[in-house]
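Engineer: got a predicted structure here, sequence first:
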Amino acid sequence: MTTHPTHLQFINPPSLFTPPGFTHVVEITGGRTVYIAGQVARDQSFCIVGKGDFRAQAEQVFENLKTSLAAVGTDFMHVVKLNIYLVDMTQLPILAEVRDRYVNTQYPPASTAVEVRKLAIDASLLEIEAVVSLPA
């Protein structure tokens, strides 16, 4: 059984639908908050990874998030919110498959997914930002 940090409460109110792959409410009861800027599929040399390949881009984005989390000494266990921007919402099943290899699927973060016309970096098919809560 997977556990979660004790300063986080993952809540799905019984009067709401059971969400697939996210939690309706995440309550933070202490600690510090970290915001990770939107990550796109760029490698360390700022080259696009997986041009035209949504799965490859999603994998790079989650690897970039993983690197960002490591920079503050944590992992996806402490991610409480993901904001996801896609240029094609039909790619959401692929995104969910990749995401589930990284996040705690028993206690998934609150999430929002929005289809956008274009992202700031040309050739980017998605961008994801994260909110992280670390214990005090």
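Structural biologist: Good, I have the coordinates.
Engineer: closest to the centroid, which residue in the protein?
Structural biologist: L82 (4.1 Å; CA atoms, centre = their mean).
Engineer: wait, doesn't that one sit right on V114?
Structural biologist: No - judged on CB atoms under 8 Å, L82 makes no contact with V114 at a distance of 11.4 Å. C-beta: built from backbone N, CA, C; applies to glycine.
Engineer: shared neighbours, these two?
Structural biologist: Both L82 and V114 lack any common contact, where contact means CB atoms under 8 Å, 6 or more residues apart in numbering.
Engineer: separation between Y85 and T18?
Structural biologist: To T18, Y85 is 25 Å away according to CB to CB, to the nearest Å.
Engineer: between those two, tell me which one has more neighbours.
Structural biologist: Neighbours were counted for Y85 and for T18 using other CB atoms under 10 Å; Y85 has more, 20 against 7.
Engineer: wait, that one sits on I121?
Structural biologist: No - the pair formed by Y85 and I121 falls short of the contact definition of CB under 8 Å, at 11.3 Å.
Engineer: can you work out which residues contact both of the two?
Structural biologist: Each of E127 lies in contact with both Y85 and I121 under the rule CB under 8 Å, 6+ apart.
Engineer: give me phi/psi at S133?
Structural biologist: With angles defined as degrees, to the nearest 10, S133 sits at phi -120, psi 120.
Engineer: what about the longest helix in this protein?
Structural biologist: Of all segments of type helix in the chain, defined using DSSP state H, the longest is helix 54-71.
Engineer: next, the buried residues of it.
Structural biologist: Burial within helix 54-71, assessed by neighbour count using 16 or more other CB atoms under 10 Å, is assigned to 54, 56-62, 64-65, 68-69.
Engineer: for the lowest-mean-pLDDT helix or strand in the chain, what is the distance to the chain centroid?
Structural biologist: The helix or strand of the chain with the poorest confidence is strand 8-11; it has a mean of 87 (mean pLDDT, DSSP states H and E). Averaging C-alpha coordinates over strand 8-11 and over its chain gives two centres that are 17 Å apart (CA atoms, centre = their mean, to the nearest Å).
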